[in-house]
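K.L.:
Below are the sequence and a predicted model; questions follow.
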Amino acid sequence: MGYMTYFGGTINLSEKRFGKIINYMIKKEIEPFSYMGCIVEGKIMDIGEDWKNYDELMEKICFFIAELDKKAEGEIICDGEERDDNWKIVIKNGEVKLLRGTIIYKDEENFCDEEIIKKVDKIINDKELNKKLILESLYE
């Protein structure tokens, strides 16, 4: 089952001939490049597109490239439909590694809004409003 995923990054090839092979495979829609819309320019393959990801297709593309060009290097950031579905594919030294992402929240600042403080203070000190609220609670 596939789901929409954004893929973005660059793969640097060691020789132009590898780029030509990949371009040929993309043009002819030869697996695993059948869904890919990008083109390799020289020795650089830039990827920045969304597609419906089936059966780890981008991982297979990266593995193909690593097998074709043992000196290829690059990273592809992958961001799936689900909020916690993010990972990175790293190609280096003929290997493909998958790094799973984790969201980390940092406590960097306290949020404060002076206008909200004034509004709350005004409501708390509004005697008429407080009387109404007290009377309403007696009838509940």
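P.N.:
Arrived safely, thanks for sending.
K.L.:
And the most centrally placed residue in the chain, its phi and psi?
P.N.:
Nearest to the geometric centre of the chain sits Asp79, at 2.6 Å (C-alpha atoms, centre = their mean). Main-chain torsions, Asp79, degrees, to the nearest 10: phi -130, psi 100.
K.L.:
For it, give its distance to Gly8.
P.N.:
8 Å (C-beta to C-beta, to the nearest Å). Yep, even glycine has a C-beta here, placed from its N, CA and C like the rest.
K.L.:
same thing with Glu115?
P.N.:
As defined by C-beta to C-beta, Glu115 lies at a distance of 39 Å from Gly8.
K.L.:
before we move on, what about Asp85?
P.N.:
15 Å.
K.L.:
Provide a list of residue ranges in the protein with pLDDT below threshold.
P.N.:
Low-confidence segments of the chain, defined by pLDDT under 70: 1-2, 140.
K.L.:
Break down this structure into its strands, ranges please.
P.N.:
Ranges of strands in the chain, per DSSP state E, are 3-12, 40-41, 44-53, 73-80, 86-92, 95-100.
K.L.:
Tell me which strands the fifth one pairs with, and in which orientation.
P.N.:
What it means is strand 86-92. strand 73-80 (antiparallel), strand 95-100 (antiparallel) (DSSP bridges).
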